[in-house]
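S.K.: sharing a model prediction with you, sequence too.
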Amino acid sequence: VAGAGVGTGEFQPCTLEEGVSPPLQRWEKSMVITALLVHIVDVGFDLLVLFLFFCSLQWGFLLGSAVVVLGAWIVSSLYVSMGANVQGSPSFGESGKDRAKRFVLSITQVQIFTEAFRCVFRNGETDYFHTLRLLEALLESAPNALVQLYALILWAGTSDAPASAVPLLRASVLASFASVGLGLAMWEQKVQFRASCRYIAGVALLRAFEVASRSFTFALFAALTHPYGLWWVLLLDYGVMILLIARHRSVHLTYGFFVALPLVLVSLEPLVWRRQDHAVPKDAYYMVRVVELLLMWSLIFRSQEQILLKEETYELWVHGEVLALVSTAGLYVLLPFIWRAAKKHQLNPDDDRDDDQYSDSQLSCMSGSDEEGGCHEEKVIPDGELPPE
């Protein structure tokens with residue numbers, strides 16, 4: 001990680017590379033506290049929604065939401081227990097008991113409180129707090145927002161649902177949007193710690209608009225094509241992400257199969273990364289999103305007569321359409337400004353190369369490791385002379 005030098009146009013080595021965390025500013029500590037509170041609210045609402053689905057015998061929504069929540073908790077806990085420990089020292093030689101202890105602390109949501117305390121009061125290493133928040137945002141908040149919006153539009157307004165279903169689902173979805181926005185913005189701040197408070201706040205708002213636009217549009221389309229439309233769209237979009245990852249060749253394809261999962265709902269990589277460092281370049285990613293948005297909204301607009309017949313849930317349908325359009329407008333109005341600001345904070349801009357100017361072999365050489373010797377200049381041999389043996 002590199003950061004822009006203060007008062008110069010050059011990029012200086014980041015202190016994170018030297019194993020020393022830069023001191024947290026006051027606004028960064030406030031952001032950690034806010035993110036922790038959002039995490040508590042979001043997880044709490046997710047558990048209440050699970051209880052609501054269980055009491056209302058909504059087994060499909062219950063299964064979908066439970067798989068999302070438990071899967072996210074297990075993945076983040078495995079990351080904590082199998083990776084380096086929270087003090088930053090290697091975990092080699094640790095006993096299974098120590099790993100199991102960290103796994104239990106993480107899956108019971110104790111670890112994130114510990115990491116937040118270290119960040120705020122001891123100015124400790126923030127990697128684990130930011131990473132735990134990022135995993136919760138990508139693996140729990142984003143997919144659960146889609147599941148809960150699906151239930152809100154399709155079921156919550158019917159006579160079979162209790163009166164508390166609509167306000168509870170609305171509050172949970174709002175908390176999920178805030179969780180995703182903060183989680184991705186804090187990761188942006190982590191990889192480019194010299195970014196300003198205003199830039200990070202703008203990224204958080206942009207990311208919240210992005211996941212809201214995606215989730216509302218998906219939920220409306222899924223409710224109109226219930227019960228199989230959502231699965232077909234998710235599988236198709238996952239395939240498109242895999243193709244873009246394979247075409248860009250920034251990450252290994254095996255790793256790309258995992259990266260493509262959260263990419264179905266939100267662009268997860270920091271905007272300050274260079275284009276060649278993205279698994280899917282932002283320009284290609286958002287182009288796909290615009291095409292999908294137009295296709296899904298063409299069906300939604302053509303189905304207005306069908307929506308008018310849904311007397312019990314008509315108000316929820318209209319609210320969903322309005323919020324989807326507002327969040328989409330907010331995303332694409334804000335995106336150019338954040339994109340321009342991200343270019344100023346971009347990591348190693350001097351190393352940014354236009355991939356179209358080089359062949360695949362030249363790009364491979366430029367990214368060669370020092371251990372392999374990298375690439376060597378081709379020596380020009382005068383006519384009539386033999387090359388050296």
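M.R.: Received the coordinates, thanks. Residues are numbered from 1 along each chain as shown.
S.K.: can you map out the helices along the stretch 51-200 of the chain?
M.R.: Using DSSP state H, counting those that start in this stretch, the helices found in the stretch 51-200 of the chain span residues 59-82, 96-107, 111-121, 127-136, 142-151, 165-191, 197-224.
S.K.: let's see the distance spanning stretch 139-158 from one end to the other.
M.R.: 29 Å (Cα to Cα, to the nearest Å).
S.K.: quick one: buried residues of that stretch?
M.R.: In terms of neighbour count (16 or more other Cβ atoms under 10 Å), stretch 139-158 has its buried residues at 139-157. For every residue, glycine as well, the C-beta is placed using N, CA and C.
S.K.: ok, now how distant is the nearest residue to Gly64 once chain neighbours are set aside from Lys343?
M.R.: In this structure, Gly64 finds its nearest non-sequential neighbour in Val147, 4.8 Å apart by Cβ to Cβ, 6 or more residues apart in numbering. Using Cβ to Cβ, to the nearest Å, Val147 is found at 36 Å from Lys343.
S.K.: likewise Leu62?
M.R.: Leu62 is 45 Å from Lys343, by Cβ to Cβ.
S.K.: quick one, which of those two is more surrounded?
M.R.: Shown here are Leu62 and Lys343; by other Cβ atoms under 10 Å, Leu62 has more neighbours (20 against 12).
S.K.: look up phi and psi at Phe193.
M.R.: In terms of degrees, to the nearest 10, the main-chain angles of Phe193 are phi -70, psi -10.
S.K.: give me the neighbour count for it.
M.R.: 18.
S.K.: do the same with the one 3 residues further on
M.R.: Ser196 is surrounded by 13 other residues when neighbours are defined as other Cβ under 10 Å.
S.K.: separation between it and Val272?
M.R.: Distance, Ser196 to Val272, by Cβ to Cβ: 12 Å.
S.K.: and what of Leu235?
M.R.: Distance from Leu235 to Val272, by Cβ to Cβ: 31 Å.
S.K.: more neighbours, the two?
M.R.: Taking neighbours as other Cβ under 10 Å, Leu235 and Val272 compare with Val272 leading, 25 against 11.
S.K.: got the contact list for that one?
M.R.: Glu188, Val191, Gln192, Ala195, Ala342, His345, Gln346, Leu347 (Cβ atoms under 8 Å, 6 or more residues apart in numbering).
S.K.: between these, which is closest to Leu174?
M.R.: Glu188 (21.6 Å; Cβ to Cβ).
S.K.: quick one: contacts for that closest one?
M.R.: By Cβ under 8 Å, 6+ apart, the contact list for Glu188 reads Ala195, Ile200, Val203, Pro270, Leu271, Val272.
S.K.: so which of the residues you listed wins on neighbours?
M.R.: In the contacts of Glu188, the most neighbours by other Cβ under 10 Å go to Val203, 27 neighbours.
S.K.: what sits against the closest residue in space to that residue that isn't next to it in sequence?
M.R.: Nearest non-adjacent residue to Val203, counting by Cβ to Cβ, 6+ apart: Ala185, 4.3 Å away. Contacts were defined as Cβ under 8 Å, 6+ apart; by that measure Ala185 touches Ile200, Ala201, Val203, Ala204, Arg207.
S.K.: give me the pLDDT value at the third one.
M.R.: In this case it means Val203. For Val203, the pLDDT comes out at 95.
S.K.: that one against Leu182, yeah?
M.R.: No. When contacts are counted by Cβ atoms under 8 Å, Val203 is not listed as touching Leu182 (9.7 Å).
S.K.: and the nearest residue to Gly71 once chain neighbours are set aside, how far is that from Ala260?
M.R.: Closest residue to Gly71 apart from its sequence neighbours, by Cβ to Cβ, 6+ apart: Leu139 at 6.5 Å. From Leu139 across to Ala260, the span is 14 Å (Cβ to Cβ).
S.K.: average pLDDT across stretch 51-60?
M.R.: Here the average pLDDT along stretch 51-60 is 96.
S.K.: also stretch 293-308?
M.R.: The model assigns stretch 293-308 a mean pLDDT of 94.
S.K.: okay, and for the stretch 1-150 of the chain, where does confidence drop off?
M.R.: 1-23, 83-94, 123-126 (pLDDT under 70).
S.K.: sorry, back to before: residues contacting the residue nearest to Gly71?
M.R.: Val68, Gly71, Ala72, Val75, Ser76, Pro262.
S.K.: I'd like those residues as CSV, with neighbour count appended.
M.R.: Compiled in CSV, these are given as follows (neighbours: other Cβ atoms under 10 Å):
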residue, neighbour count
Val68, 22
Gly71, 13
Ala72, 22
Val75, 14
Ser76, 25
Pro262, 18
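S.K.: format those as TSV; extra columns: distance to Val49.
M.R.: Below are the contacts of Leu139 laid out as TSV (distance: Cβ to Cβ, whole Å):
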residue	distance to Val49
Val68	11
Gly71	16
Ala72	14
Val75	20
Ser76	19
Pro262	21
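S.K.: now, which of those residues sits nearest Arg118?
M.R.: The closest of the contacts of Leu139, once distances to Arg118 are taken by Cβ to Cβ, is Ser76, at 17.0 Å.
S.K.: which ones are touching the closest one?
M.R.: Shown in contact with Ser76 (Cβ under 8 Å, 6+ apart): Ser106, Ile107, Leu132, Leu135, Glu136, Leu139.
S.K.: and Tyr314, by the same measure?
M.R.: Residues near Tyr314 by Cβ under 8 Å, 6+ apart: Ile307, Leu308.
S.K.: per-residue confidence at it?
M.R.: Note on Tyr314: pLDDT of 93.
S.K.: repeat that for the one 10 residues further on.
M.R.: Listed pLDDT for Ala324 reads 96.
S.K.: enumerate every residue touching it.
M.R.: Ala212, Ser213, Phe216, Thr217, Leu220.
S.K.: can you pull the contacts of the first one?
M.R.: Counting by Cβ under 8 Å, 6+ apart, Ala212 touches Ala145, Phe177, Leu323, Ala324, Ser327.
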